[in-house]
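Trainee: Below are the sequence and a predicted model; questions follow.
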Amino acid sequence: YGLRAAASSWEREYTNTLVQAGFAAGKATSCTFFHEDRDVRIVVDGDDFVIEGSDEQLQWVRKLFEEKYIVKMRAVLGPERDDTKIADILGRTVDWRENELWYEADPRHVEKMLESMDMGECNPCVSPGMKTTAEEDDEVELDGDGVWHYRSVVARANFLAQDRPDIRFAVKELCREMSCPIRRGLRALKRLCRYLKGVPRLVQKVLIADRCDHAVEIYVDSDFAGCQRTRRSTCGGGAMWNGICLKAWATTQTIVARSSGEAEYYAAVKGAA
């Protein structure tokens, strides 16, 4: 423990345990597991395991782990009276309702961002970012404390953006200034905070149904030559399943597209990947 190989060694350890018990590791990611006979699914993040299955099968998995590891059961979400209805999973709040699950990022991230920026009483705005005209001090670098402060708040925004598709593009642009924060980035960060002041929470609702559509819908788009400095385009898109946003992305293209069609092509390739 504490060495560089600790994480990969732990991954091999729990993978061997689960495979020997009859689980199959996911093809797209090795951190997901499925037991076909017992109809149990597991998603792993470090040493946190999120397990889906019947009460009987959950107890079986718990016993399997307790034979080898020190186990702490955080909560059991479910429809029964004794089941937990609200739980924190990896910093996200999951709320079990009658016919649906409510899923959202921890709203305290927004509160802490506004507090750090001293913008708790600021006026809200309707969009997280916008293209602005150049100003004289755009390229002026922030001082020592300003650099640390900028990186701290943007890092929190980047974590929040994993569950907030509405701010993903704005946060991506802010992250591009992390190596050398400048005044332009600070103004963009303040605008993001004003947007979050008006929209502090975003809740995704997952319908609980006996039958689900297995089709995944992919939407892609591009912002051709959107960066005024580098003329690079942005790939944007989302993966939807049964009305649920499984994943959203906004990434700066590595090439300089020479037409909107070329930018769209690279956005489509990103979506297919």
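Mentor: Cool, got the structure.
Trainee: residues contacting Ala257?
Mentor: 222, 224-225, 232-233, 263, 266 (C-beta atoms under 8 Å, 6 or more residues apart in numbering). For every residue, glycine as well, the C-beta is placed using N, CA and C.
Trainee: So which of the residues you listed belong to strands?
Mentor: Judged by DSSP state E, the subset of the contacts of Ala257 located in strands is Ser222.
Trainee: now, among the contacts of Ala257, which is nearest to Gly144?
Mentor: Taking C-beta to C-beta as the measure, Gly144 lies nearest Arg232 of the contacts of Ala257, at 29.6 Å.
Trainee: pretty sure the closest one contacts Glu262?
Mentor: No - contact criterion C-beta atoms under 8 Å: Arg232 and Glu262 do not qualify, at 11.9 Å.
Trainee: Quick test: name the residue nearest the centre of this protein.
Mentor: Gln162 (2.0 Å; C-alpha atoms, centre = their mean).
Trainee: Please tell me how far it sits from Asp48.
Mentor: Note on Gln162: its distance to Asp48, by C-beta to C-beta, to the nearest Å, is 15 Å.
Trainee: Likewise for Arg97?
Mentor: 23 Å.
Trainee: Comparing the two, which residue is more hemmed in?
Mentor: Arg97 (13 against 10; other C-beta atoms under 10 Å).
Trainee: low pLDDT regions in the stretch 151-273 of the chain?
Mentor: Low-confidence segments of the stretch 151-273 of the chain (pLDDT under 70): 270-273.
Trainee: so what's Val94 bridging to?
Mentor: Beta bridges link Val94 to Ala87, Tyr103, judged by DSSP bridges.
Trainee: Next one: it, what pLDDT does it get?
Mentor: pLDDT for Val94: 92.
Trainee: How many residues are close by Glu111?
Mentor: By the criterion of other C-beta under 10 Å, Glu111 has 13 neighbours.
Trainee: Check the one 4 residues further on too.
Mentor: Residues contacting Glu115 under the criterion other C-beta under 10 Å number 12.
Trainee: Can you give me the neighbour number for Glu135?
Mentor: 11.
Trainee: From Pro107, how far out is Leu114?
Mentor: Distance from Leu114 to Pro107, by C-beta to C-beta: 11 Å.
Trainee: go on, Gln59?
Mentor: 33 Å.
Trainee: ok, which stretches of the stretch 101-250 of the chain are helices?
Mentor: 108-116, 144-161, 168-175, 183-198 (DSSP state H, counting those that start in this stretch).
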